[in-house]
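K.L.:
Sequence first, then the predicted structure, then my questions.
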Amino acid sequence: MPLLEFARGVLFNLCVLLSFAAVLALVRAWTWKRSVEPRPWQVGLLFGVMAVVAMLFPVALQPGLFFDCRAGVIGTCALFGGPWAALASLPLPVVMRLEIGGPGVIPGVLELVLPAFLGSLFHAACRRSARDITLRCVGVAALVVGLGSYLLILALIVISMDARVLPGGPLAVMLIMVYGILSMGLLSALVLFLREHFAAIEALAESERRVRDSQKMAAIGQLSRKVAHTFMNSLGAIVGNAQMVRDGLSKPEDVRRQLDDIIETATRVSRLTGELLAFANPSPLRVRQMPLEKGIAAIRELLARTIGPEVEVAVDIEPGAGTIAMDPDQIEQAIVHLAVNGAEAMGGRGRLTVRVAPAHLSAKHLERLQAARSERDRHSGPFALLEVRDTGCGMDEETCSRMFEPFFTTKTTQRNAGLGLATVYSIVEMHNGLIEVASRPGRGTAVRIYLPVAEEDRDRA
């Protein structure tokens, strides 16, 4: 046959081999995202199907003599999957080769069975010596499995002394052997790179998890120091005023002021203790499915009473935000905390806007917001937007990144530092929502809360 046609057939067969690697990558990515590990028989069945596909696209060496990369596929399966995977990979291609028939049926079946057997031995040897499969091991395994398999087939031809066993004789076997070694080496190397790639991803995910754990421990340490500092200062003020009253060192007209300070400090400590208890053990959500705008229907009057008449409160509701599974009391509490923080940033004067609208998030934006969540916890459907915007002093990037930390404040007195914004973050997390902050110094602040739209409402849409 023409050399160009032969080269075209080999190239096409190698493209089929590369497509196998792409299929393996897709399957491995699918199992990795779902945190499942395929069983050996499933791996073997997949490679068996690949071997059958390889047999459908053979390369013609000469009239009546064809070869393909089936041995490389089965050998790779045995090398990485072990004997059970190799055994599961054999039935489909063996049955197909028997169905094709012809004088070369016995060598054709051996071209499947021998790589499975020798590859399994190599796999067992690596496990027994507790060695990882490396690129060097892949090269040695491809050479050993290929040489061993085809030398045994060649011995069968020599012993039988029957040219009909395989047209082309020993020379054809040698050429097919070289192709079998190359195909197994190529596919095994691709599988090895695929394993190392996902091992690197898992190592990175583990490293990120450890970093998050260390950050949590650091946050707990900071929280403990800030709570202890607040309590010590408050107790110091209470004890100092009480001692002055007891010792009679104060003038009679100062006694009332000192007692007022004691009451105010004790009240502040009591309120802080209540916030700590609520933050550490939040009350369970009383979830109801309702349109988001209905859940905040009375927010204007509530904010007007909370932040005073000097701050203009505007509520902007766009239709079609969606039905949310939410606890309206908790959502109102989050809005109040944000509004109080915004009013303080405006110095008690300015405009506070609460906006409800459908959220238009690009895939890239949504991926960034949910980057810290596992695949199973991510919401792929639409979101509703709840935004609280103020016209205050704004914040720089560093302050924005820390604003939800417990007791974090930019005020010098720390008098009103507490768990308000940390509670907002906790409420959003309990609703499986997302939160982001947009702010610039002198330009005000917008806190955007994205709440997932309920499944029933999404289906109707």
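P.N.:
Structure's in. What do you need?

K.L.:
all helices of the stretch 201-350 of the chain, in order?
P.N.:
Taking DSSP state H, counting those that start in this stretch, the helices of the stretch 201-350 of the chain run over residues 252-280, 292-295, 299-307, 328-345.

K.L.:
Make JSON lines from the ones you listed and add mean pLDDT to it.
P.N.:
JSON lines is the format used below for the helices of the stretch 201-350 of the chain (pLDDT from 0 to 100):
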{"stretch": "helix 252-280", "mean pLDDT": "72"}
{"stretch": "helix 292-295", "mean pLDDT": "85"}
{"stretch": "helix 299-307", "mean pLDDT": "83"}
{"stretch": "helix 328-345", "mean pLDDT": "88"}
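
K.L.:
Same list (those helices) but as a markdown table, adding distance to residue 371.
P.N.:
Yep, even glycine has a C-beta here, placed from its N, CA and C like the rest. Shown next, in a markdown table, are the helices of the stretch 201-350 of the chain (distance: least, CB to CB, whole Å):
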| stretch | distance to residue 371 |
| --- | --- |
| helix 252-280 | 25 |
| helix 292-295 | 25 |
| helix 299-307 | 31 |
| helix 328-345 | 22 |
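
K.L.:
Now that we have those helices, can you turn them into JSON lines and tack on mean neighbour count?
P.N.:
Converted to JSON lines, the helices of the stretch 201-350 of the chain look like this (neighbours: other CB atoms under 10 Å):
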{"stretch": "helix 252-280", "mean neighbour count": "13"}
{"stretch": "helix 292-295", "mean neighbour count": "20"}
{"stretch": "helix 299-307", "mean neighbour count": "16"}
{"stretch": "helix 328-345", "mean neighbour count": "20"}
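
K.L.:
now for those helices, which one comes closest to residue 11?
P.N.:
The closest of the helices of the stretch 201-350 of the chain to residue 11 is helix 292-295. By CB to CB, the value is 58.4 Å.

K.L.:
Residues contacting that closest one, please?
P.N.:
Applying CB atoms under 8 Å, 6 or more residues apart in numbering, the contact partners of helix 292-295 are 317, 321-324, 326, 328, 331-332, 356, 384, 386, 451.

K.L.:
what's the distance between that helix and the middle of its chain?
P.N.:
31 Å (CA atoms, centre = their mean, to the nearest Å).

K.L.:
Then stretch 26-34?
P.N.:
For stretch 26-34, the distance to the chain centre is 12 Å (CA atoms, centre = their mean).

K.L.:
before we move on, back to that, out of the helices of the stretch 201-350 of the chain, nearest to residue 433?
P.N.:
When these are compared by CB to CB, helix 328-345 sits nearest residue 433, at 9.5 Å.

K.L.:
Strands of this structure, residue ranges please.
P.N.:
59-62, 65-67, 288-291, 311-317, 323-326, 350-358, 383-390, 434-439, 445-452 (DSSP state E).

K.L.:
what's the closest of the ones you listed to residue 371?
P.N.:
strand 434-439 (10.5 Å).
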